[in-house]
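*Asks:* only geometry, no sequence info:
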């Protein structure tokens, strides 16, 4: 599966006393990838939400760990997002050692759309749908080396 990628250096502060990345930090890395994705597609996520009056609560999160990540390594976080229906999207993630390609973890997050004033469900604004539909082109450009892989 093709992904939009970011890179992140693993710091000591990311790890537990055993020197292995603390498991919830992977969810933070997923968020980092989402932030970079929206910026790469033209509009920061928070700016879209503020401008269009909607929120994106997470309604489900899943992760599977395959191999430990350790301080000093560089990880590559892959992200693909699809609109599932007018009020839901799903992001799929793939985390690998950037040097070796070793799979570290993979997972997904289901995201709802709500009105920020009432916190009631609503459809994603058309601008968000259009933005996410541009993702396959961004992934292809990144794979061809036309778009740099961002660091966070």
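*Replies:* Good, I have the coordinates. This is a predicted model, so every value here is computed, not measured.

*Asks:* What sits closest to residue 148 if chain neighbours are left out?
*Replies:* Spatially, and ignoring its direct neighbours in sequence, residue 148 is nearest to residue 142 (7.9 Å; CB to CB, 6 or more residues apart in numbering). For every residue, glycine as well, the C-beta is placed using N, CA and C.

*Asks:* Could you name the specific helix or strand carrying that neighbour?
*Replies:* Using DSSP states H and E, residue 142 maps to helix 135-143.

*Asks:* any residues touching that helix, and which ones?
*Replies:* Applying CB atoms under 8 Å, 6 or more residues apart in numbering, the set of residues contacting helix 135-143 from outside is 2-5, 37, 40-41, 80-81, 147-149.

*Asks:* do stretch 96-112 as well
*Replies:* Contacts of stretch 96-112 (CB under 8 Å, 6+ apart): 7, 26, 30, 56-69, 73-76, 78, 84, 87-95, 121.

*Asks:* now the longest helix belonging to the chain against helix 135-143, angle please.
*Replies:* The single longest helix within the chain, with elements called by DSSP state H, is helix 25-40. Angle, helix 25-40 to helix 135-143, by axes from the mean of the first three to the mean of the last three CA atoms, to 10 degrees: 100 degrees.

*Asks:* what packs against helix 25-40?
*Replies:* If you count contacts as 3 or more CB pairs under 8 Å, 6 or more residues apart in numbering; DSSP states H and E, helix 25-40 packs onto strand 4-9, helix 45-52, strand 58-65, strand 74-85, strand 88-97, strand 103-112, helix 135-143.

*Asks:* Which positions in the shortest one come out as buried?
*Replies:* When burial is assessed from 16 or more other CB atoms under 10 Å, strand 4-9 yields the following buried residues: 4-6, 8.

*Asks:* so that strand versus strand 88-97, what angle?
*Replies:* Using the same axes, to 10 degrees: strand 4-9 against strand 88-97 is 50 degrees.
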